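J.: With the input below, show me the fold.
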Amino acid sequence: MEKLREAILANLPVGLLIIGGDGEILEASPSACEILGCPVQGFVGNNWGEMFLTEEKNHEFTEVVLEAIQKEMPRIQRTTPYFTPDGTRKYLSVISTAQREDGKISAIIVLIEDLTELRELHEREKDILAQNHRLATERAESLVAFARSVAHQIRNPIMAIAGFSRLLERKVDESTREPLEAIVDETKKLENMVKSVAEYSAITIETMVPVNLWVIIQEAKHRIDHHPAIVDKPISWETECPDMNIVVDHELMALALSEVLLNSAEFAGPDATISVNVQEKDERITVDITDSGPGFTSEGLEMAFDPFYTTKTVGAGMGLTRAKRIVGEHRGSMTIANTDESGAQVLITLPVEPL
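T.: Next up, the predicted model:
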C-alpha cells in the first residue's frame, strides 16, 4: 500500500499538499515540491503556517488556503503569483478544499498547477498583438494623412480641368466635341474619387452616446432606400436584434452599416434576401450580415477593403473601406467571407461600451 501511495503521488500531473487540522503538512507530492521550490523533507512534518504565512510576498497564495479554513465553501480556486525560495516568480493555479468532521477541520487538500509558461506565452501574445495594433494604427494614420494631402492637392486642378472642358464644349464643333466629353466624363470620375478620399480622411468620432442598436440598423436601411442602384429592387429583410443599447457615434455607425447593407443589396441577386443577425457575448456584439448573392470572388475576398477597388460600373469603391475605418475607430473589427450557401457575409464585432 505504501508503494501504491508513493506511485500515485509521484505520477500526479499537478502538485498536491495535504495539511492536517493542526496545520501539519501530512503529504506533499514531488510535483508540489518542485513547483514550490522545496524538497519533500522541507514540507512533510512541518507546519504550513510557519512556512508560508511569514512570507509576505506570497500572501495571495496563502489566502487561498486561509479562505478554505475560514469559509465553508466546497472549494476555493485562484490564480496567484508565487515566489520560490530562490526568488523565481511563478504563476500558480491553486485549489483548496477543507474537510470537516463534527464542525472541525480535519484536513485541507491543496492542488497546485504551474501556469508560468502559459502565462508568459499569453503575455508574449499580448505584446505581439499590441505591437501589431500600434503598427496598424500608425499605418492607418499615415494613410489618412496621405489621403487628406492628396485630396487637397489635386482637388483644385481637377475642378479647373472640368470647368475649362465644359466651357470648351460650348465653343467647339462636333468633330472635337467627343474627346472633350470624354475628358469631362473622366474628370467627373476623378472628382468622385477626390470626394471619397476627402470623406474618408474626415472620418472622426464626434460624440459617443448610448443608442438602441435596432434603431441604428433601421436607420441604415432607410438611408439606402432611394439609392439609384437598388431603388427598384425588391429586398426581403430578415433582422434579428436584441433590445439593447450600444455606445457609438450614432451618425458614423449608421453610415457604416448603410455602406455594408448597400453593398449587400447591390449584389444580392434579383430576389434579394439580406439577413442581419445580432448577438451579444462577453461585452461585445457581433453584427452578422449575409445576402443571397453569388458571394465574393477570390479577388474580392483579398481586396474588398482596399480603397478604390470595385467591380461596380458606378461608384468609387470606398464603401466597405469607409465602413471598416468607422468600425476600427470604435475599437471593433470587420471581416468578410462567403457563406455555405455561396452568399456574401460581413461580420462586424464591436464593444458594447468604449474602453
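J.: Need phi/psi at Gly45.
T.: With angles defined as degrees, to the nearest 10, Gly45 sits at phi 90, psi -10.
J.: my read: it touches Glu24, true?
T.: Yes: contact criterion CB atoms under 8 Å: Gly45 and Glu24 qualify, at 6.7 Å. Placement of C-beta: from N, CA and C, glycine included.
J.: Among the two, which residue is more densely surrounded?
T.: Per other CB atoms under 10 Å, whichever of Gly45 and Glu24 has more neighbours is Glu24, with 14 against 11.
J.: mind listing the helices for the stretch 51-200 of the chain?
T.: Taking DSSP state H, counting those that start in this stretch as the test, the helices found in the stretch 51-200 of the chain are 59-70, 116-169, 174-201.
J.: oh, I was asking about the stretch 251-355 of the chain
T.: Using DSSP H, counting those that start in this stretch, helices in the stretch 251-355 of the chain cover 298-303, 319-329.
J.: Can you flag the weakest of these by average pLDDT?
T.: Of all the helices of the stretch 251-355 of the chain, the minimum mean pLDDT falls on helix 298-303 (a mean of 83).
J.: What residues of that helix count as buried?
T.: Using 16 or more other CB atoms under 10 Å as the test for burial, helix 298-303 gives Gly300, Met303.
J.: just checking, what packs against that helix?
T.: Judged by 3 or more CB pairs under 8 Å, 6 or more residues apart in numbering; DSSP states H and E, the packing partners of helix 298-303 are strand 333-338.
J.: Among the helices of the stretch 51-200 of the chain, which comes closest to Ala265?
T.: helix 174-201 (19.2 Å; CB to CB).
J.: picking up where we left off before, quick check: which of the helices of the stretch 251-355 of the chain is nearest to Asp232?
T.: Set against Asp232 and scored by CB to CB, those come closest in helix 319-329, at 19.9 Å.
J.: Tell me which other helices or strands the closest one touches.
T.: Looks like helix 319-329 contacts helix 174-201, helix 250-267, strand 333-338, strand 344-351 (3+ CB pairs under 8 Å, 6+ apart).
J.: Tell me which of the ones you listed sits most buried.
T.: Most buried of those, by mean neighbour count (mean count of other CB atoms under 10 Å): helix 250-267, with a mean of 23.
J.: hmm, who's touching that helix?
T.: 203, 205-207, 209, 211, 216-217, 219-221, 223-224, 227, 229-230, 233, 235, 272, 274, 276, 287, 289-291, 293-294, 312, 319-320, 322-323, 326-327, 329-330, 344, 346, 348 (CB atoms under 8 Å, 6 or more residues apart in numbering).
J.: Could you tell me the angle between it and strand 344-351?
T.: Using axes from the mean of the first three to the mean of the last three CA atoms, to 10 degrees, the inter-axis angle of helix 250-267 relative to strand 344-351 is 170 degrees.
J.: how distant is helix 250-267 from the center of its chain?
T.: Between the centre of helix 250-267 and the centre of its chain there are 20 Å (CA atoms, centre = their mean, to the nearest Å).
J.: pLDDT-wise, which helix or strand of the protein ranks last?
T.: When the helices and strands of the chain are scored by mean pLDDT, DSSP states H and E, helix 2-11 comes last with a mean of 67.
J.: So what are the sheet partners of the next helix or strand after that helix and their directions?
T.: Next helix or strand after helix 2-11 toward the C-terminus (DSSP states H and E): strand 15-20. Strand pairing for strand 15-20, determined by DSSP bridges: strand 25-28 (antiparallel), strand 104-114 (antiparallel).
J.: how far away is Pro270 from Thr80?
T.: According to CB to CB, to the nearest Å, Pro270 and Thr80 sit 62 Å apart.
J.: Pick out whichever of those two has more residues nearby.
T.: Higher neighbour count among Pro270 and Thr80: Thr80, with 18 against 8, using other CB under 10 Å.
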